[in-house]
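Peer 1: whatever this is, show me its structure:
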Amino acid sequence: MRHEQPQHHRHLIFPILRPANGSAAAALDDSPDAAAGTGTGADATPGTPPAPGSGSDGAVGAGVVLCPTCSTPLADGTHRPSDGTDPAPGNTDRLLAALSASESRFRAAFCDAGIGMALIDPDDRIIEVNPAFATLVGCGVGDLIHAHIRDIIDSEGMPDRLFPELVRNDRERLRVEKQLKHREGRTVWSKVTISLIRDGAGRPLYTLAMVEDITEQRRLGDRLEYQALHDPLTRLPNRTFFFERLDAACLTAGGTTAAELAESTGTAPGATGTGAERPDGRRVGVCYLDLDGFAAINETLGHHIGDQLLIAVASRLRRGVSDHSSHLVARMGGDEFAVLVADSRGSDQLTELAARILEALEHPFDVAGHRLVVTASVGVVERSVHETTPADLVKDADSTLYWSKADGRARWTLYDPDRGAHQLTRQLLATALRPALERGEFTIEYQPLVGLADGAVHGAEALVRWRHPCYGTLSPDRFIPLAEESGAIVPLGKWVLEESCRQAQRWLTEFPDTETFVSVNLAARQIWDSDVVADVAQALDSTGLPARLLQLEITESALLGPGGRPLQALQALADMGVRIAIDDFGTGYSNLAYLSRLPVHVLKLDGTFIEGFRDPSPAGRADLPGAGFRRSDADEQIVGAMVQLAHTLGLTVTAEGIESAAQAERLRLTGCDTAQGWYFAKPGEAEHVAAILRESRPAPDKR
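Peer 2: From the prediction side, this is the model:
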């Protein structure tokens, strides 16, 4: 005989058994109390189902036995199989044996389970627990019977009453990670699954809690989380942790960042809103610091010493802000650290903190027998939460850090919006240099080089200009340093060289008697990063310009720097017949002994030496103050001495920045050979030089 089980019939076997002195009518009672297991009996506690194992012989009351699959009484003669046939003799005994075996299997599974299990009544009190559960909380099985589940499991986040909540929400299980209260006072993390157990009719009886110990998993997770958020060397929070805290500090009162608020309102970060969008006044600040000269310590003493130094620096930084719980010290990478100040009180607080950081690091460090002195450069940024984003805050702090290094190191620098805008413009220009060259945005202007003795144009200096579509015409001082930093000076310089040679060849074709040369500036990086000798040879060959009509200007510092490559390249160029000029002479090394061995033809005096020549001539300045007289007289004597030295070495001298006839005359008296400046002509188109050459051409003989 086989009894069919309904799909909703989910229950444990042993709770269906009733106490031996109970009645069959109680087992069949459909009342809610009966369904919840609130029977009575000598061995049963009122209001709770009997413990598993009671009535294990299978008999209930006066010989009434329930079917183990459908809960129908078997001994009253009314139970029939689903096909309607009479039960065969002896079936009752077999059913009782099956019931006993089923209960034994459940008992073994319940008691020997590797995870904790507990049966809980509708009042959230424990009916029975298995040994695994008792072990988790350090108690005996008997100690837990009738105990309230909230005395064992942390109730935070749990429903007020498990049983009613599960019934009312019509859900049969609840999974949570909770802390168990161990008898010794320690915490046991566990994964708890609470299921609702129903009777054969689908009515709720009690709940089953299955508890798995995940303490080690949580500890491992905590360790992994710590490792993911902390620097393994210094034990400081790392970059990831820093940005998590910075993101939290930059949240507005509504729980959004300034960028998200701007996106939702269609305004730029920092714009003042009204109503709910009005800033709540919170501010945030960052001190971003980098050790000065740390790379030298790594290179000379080794990385193991550098690591120990970083640990010592981290310890001092941590102690330096230990009195402020809202300050976070983090290692951002390498020798860079950052201090986050949430809820800043203003820029004064941040600058005071930066000063304390510098003071804390100024004392020597004793590392592995080495006494090391290091300094730091600090960039400080402080602003309203509504005026920034975490990315912008760190970007500006990093930029300010490098301003501090550029200003002399071992100092702090507060972010300056104007300087930041200037740096942004520089970056945009540096990025656009190479594309601008491809688009043909560069042009060349020429400034005449005039002989002071005869007033004739001997040559012209090529000066590159950038006709930027947004910023207008940019002079070389705006972009040449950027080109040298980025390496774009190599293709740009090659283009200027070819265009200048091509223009000089046109002048030679139109004015063959003047042989006007062109002077082109040569950057030191062009010598180091390219084969400048081959580039010059190609330019001369492609344009047909004689080498004697090309002059290359290189600064004194680049020419006399370390290494022999510049000298070798210049010697090769001089051997080709190209003229070599030292630009800004007197501002570099000024190694006069070395000068006699250089392949140089021209010295170009820096404009600072010509400033004294703006005073009236010596004959007309007898009434000037002595200090002014001495400055002007000293400049004149210095220039005269350099001119004499150059002539002694067989060099010619060119002066820059001539603005008046008096200056030109006084320079002529010193013996200076050529000059350029606005007095003669401003830089302009090549046609302007050609016009001057036409005017100076002798009138044709009409005879």
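Peer 1: C-alpha from now on. contacts and neighbour counts both.
Peer 2: Fine.
Peer 1: so which residues make contact with the helix or strand hosting Val211?
Peer 2: Assigning secondary structure by DSSP states H and E places Val211 in strand 204-213. The contact list for strand 204-213, computed with Cα atoms under 8 Å, 6 or more residues apart in numbering, reads 35-37, 115-122, 133, 136, 163, 167, 188-199.
Peer 1: again, but for stretch 311-319
Peer 2: Under the contact criterion Cα under 8 Å, 6+ apart, stretch 311-319 has outside partners Leu233, Thr234, Leu236, Val329, Arg331, Ile357, Ala360, Leu361, Phe365.
Peer 1: same check, this time on stretch 663-680
Peer 2: For stretch 663-680, contacts defined as Cα under 8 Å, 6+ apart pick out 447-453, 610, 613-614, 617, 636, 639-640, 643-644, 652-661.
Peer 1: if we use 7 Å, what do you get?
Peer 2: For stretch 663-680, the external contacting residues (Cα atoms under 7 Å, 6 or more residues apart in numbering) are 448-453, 613-614, 640, 643, 652-660.
Peer 1: strands of the stretch 601-703 of the chain, residue ranges please.
Peer 2: For the stretch 601-703 of the chain, the strands identified by DSSP state E, counting those that start in this stretch occupy 602-605, 652-655, 674-675, in order along the chain.
Peer 1: so which elements touch the second one?
Peer 2: Okay, so that is strand 652-655. In this structure, strand 652-655 packs against strand 602-605, helix 626-648, strand 674-675, with contacts taken as 3 or more Cα pairs under 7 Å, 6 or more residues apart in numbering; DSSP states H and E.
Peer 1: by mean pLDDT, show me the worst of these.
Peer 2: Per-stretch mean pLDDT for the helices and strands packed on strand 652-655 is lowest at helix 626-648 (a mean of 75).
Peer 1: show me the strands in the stretch 451-600 of the chain, by range?
Peer 2: Taking DSSP E, counting those that start in this stretch as the test, the strands found in the stretch 451-600 of the chain are 457-468, 472-474, 517-521, 550-555, 579-585.
Peer 1: any idea which element Ser190 lies in?
Peer 2: Element membership of Ser190, judged by DSSP H and E, is strand 187-198.
Peer 1: what average pLDDT does that strand get?
Peer 2: Averaging pLDDT residue by residue across strand 187-198 gives 85.
Peer 1: next one: stretch 535-542
Peer 2: For stretch 535-542, the per-residue pLDDT averages 96.
Peer 1: tell me how far that stretch is from the chain's mean position?
Peer 2: Averaging C-alpha coordinates over stretch 535-542 and over its chain gives two centres that are 46 Å apart (Cα atoms, centre = their mean, to the nearest Å).
Peer 1: next one: stretch 682-702
Peer 2: Here the centre of mass of C-alpha atoms in stretch 682-702, compared against the chain's by Cα atoms, centre = their mean, lies 59 Å away.
Peer 1: what's the neighbour count on Gln217?
Peer 2: 12 (other Cα atoms under 10 Å).
Peer 1: ditto for Glu177
Peer 2: By the measure other Cα under 10 Å, the count of residues near Glu177 is 15.
Peer 1: show me what it bridges to in the sheet.
Peer 2: Residues found in beta-bridge contact with Glu177 (criterion: DSSP bridges) are Lys191.
Peer 1: show the contacting residues for it.
Peer 2: Contacts here follow Cα under 7 Å, 6+ apart; on that basis Glu177 touches Ser190, Lys191, Val192.
Peer 1: and those residues, which is closest to Ala432?
Peer 2: Distance ranking of the contacts of Glu177 against Ala432, using Cα to Cα, places Lys191 first at 58.5 Å.
Peer 1: the closest one and Leu180 touch, don't they?
Peer 2: No - shown here, Lys191 and Leu180 do not form a contact pair, counting by Cα atoms under 7 Å, at 9.8 Å.
Peer 1: which one's more surrounded, those two?
Peer 2: For Lys191 versus Leu180, neighbours defined as other Cα under 10 Å are more numerous around Leu180 (24 against 17).
Peer 1: now that one: how far from His146?
Peer 2: 17 Å (Cα to Cα, to the nearest Å).
Peer 1: burial check on the residue nearest to Ala569 when sequence neighbours are not counted, number of neighbours?
Peer 2: Closest residue to Ala569 apart from its sequence neighbours, by Cα to Cα, 6 or more residues apart in numbering: Val533 at 6.3 Å. Using other Cα under 10 Å as the criterion, Val533 is surrounded by 17 other residues.
Peer 1: just to check, Val533 is in contact with Leu573?
Peer 2: Yes - using Cα under 7 Å as the test, Val533 is close enough to Leu573 to be in contact (6.2 Å).
Peer 1: coming back round to it: contacting residues around the residue nearest to Ala569?
Peer 2: The contact partners of Val533, by Cα under 7 Å, 6+ apart, come to Ala569, Ala572, Leu573.
Peer 1: are any of the contacts of stretch 663-680 buried, and which?
Peer 2: Buried by 16 or more other Cα atoms under 10 Å: 448-452, 613-614, 640, 643, 652-659, out of the contacts of stretch 663-680.
Peer 1: where does Asp247 fall, secondary structure wise?
Peer 2: For Asp247, the element it lies in under DSSP H and E is helix 239-249.
Peer 1: show me what that helix is packed against.
Peer 2: In terms of contacts (3+ Cα pairs under 7 Å, 6+ apart), helix 239-249 is packed against strand 327-333.
Peer 1: beyond the strand it packs on, next helix or strand please.
Peer 2: Per DSSP H and E, strand 327-333 leads on to strand 336-342 as the next helix or strand towards the C-terminus.
Peer 1: report the angle between that following strand and strand 327-333.
Peer 2: Using axes from the mean of the first three to the mean of the last three Cα atoms, to 10 degrees, one finds that strand 336-342 and strand 327-333 are set 150 degrees apart in direction.
Peer 1: strand 336-342: what's the following helix or strand?
Peer 2: Next along the chain after strand 336-342, taking DSSP H and E as the criterion, comes helix 347-361.
Peer 1: that next one: which residues count as buried?
Peer 2: Buried residues in helix 347-361, defined by neighbour count with 16+ other Cα under 10 Å: Ser347, Leu350, Thr351, Leu353, Ala354, Ile357, Leu358, Ala360, Leu361.
Peer 1: how about residues contacting whichever helix or strand comes after it?
Peer 2: For helix 347-361, the succeeding helix or strand toward the C-terminus, using DSSP H and E, is strand 365-367. Residues outside strand 365-367 that contact it (Cα under 7 Å, 6+ apart): Ile305, Gln308, Leu309, Arg371, Leu372, Val373.
Peer 1: looking at those residues, which has the most residues close by?
Peer 2: Among those, Leu309 has the most neighbours (other Cα under 10 Å), with 23 neighbours.
Peer 1: count of residues packed around the residue nearest to it when sequence neighbours are not counted?
Peer 2: Across the structure, with Cα to Cα, 6+ apart as the measure, the residue nearest Leu309 apart from its sequence neighbours is Val367 (6.4 Å). The burial count assigned to Val367 is 15, neighbours taken as other Cα under 10 Å.
Peer 1: before we move on, what about Leu99?
Peer 2: Applying the criterion other Cα under 10 Å, we find 23 residues in the vicinity of Leu99.
Peer 1: list the buried ones in whichever strand or helix holds it?
Peer 2: Secondary structure assignment for Leu99, by DSSP H and E: helix 91-112. Using 16+ other Cα under 10 Å as the burial criterion, the residues of helix 91-112 that qualify are Leu95, Leu96, Leu99, Ser100, Ser102, Glu103, Ser104, Phe106, Arg107, Phe110, Cys111.
Peer 1: got the CA coordinates for it in PDB?
Peer 2: Listed next in PDB are the C-alpha coordinates belonging to helix 91-112 (Å, rounded to 0.1, in the frame of the first residue of the first chain):
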ATOM      1  CA  ASN A  91       0.100  -3.400   6.600                       C
ATOM      2  CA  THR A  92      -0.200  -1.600   9.900                       C
ATOM      3  CA  ASP A  93       2.800  -3.300  11.300                       C
ATOM      4  CA  ARG A  94       4.800  -2.400   8.200                       C
ATOM      5  CA  LEU A  95       3.700   1.200   8.500                       C
ATOM      6  CA  LEU A  96       4.800   1.300  12.100                       C
ATOM      7  CA  ALA A  97       8.100  -0.100  11.200                       C
ATOM      8  CA  ALA A  98       8.500   2.500   8.400                       C
ATOM      9  CA  LEU A  99       7.500   5.200  10.800                       C
ATOM     10  CA  SER A 100      10.200   4.100  13.300                       C
ATOM     11  CA  ALA A 101      12.800   3.900  10.600                       C
ATOM     12  CA  SER A 102      11.900   7.300   9.300                       C
ATOM     13  CA  GLU A 103      12.200   8.800  12.800                       C
ATOM     14  CA  SER A 104      15.500   7.100  13.400                       C
ATOM     15  CA  ARG A 105      16.900   8.500  10.100                       C
ATOM     16  CA  PHE A 106      15.700  12.000  11.100                       C
ATOM     17  CA  ARG A 107      17.200  11.600  14.600                       C
ATOM     18  CA  ALA A 108      20.500  10.600  13.100                       C
ATOM     19  CA  ALA A 109      20.500  13.500  10.700                       C
ATOM     20  CA  PHE A 110      19.500  16.000  13.300                       C
ATOM     21  CA  CYS A 111      21.900  14.900  16.000                       C
ATOM     22  CA  ASP A 112      24.900  14.100  13.900                       C
END
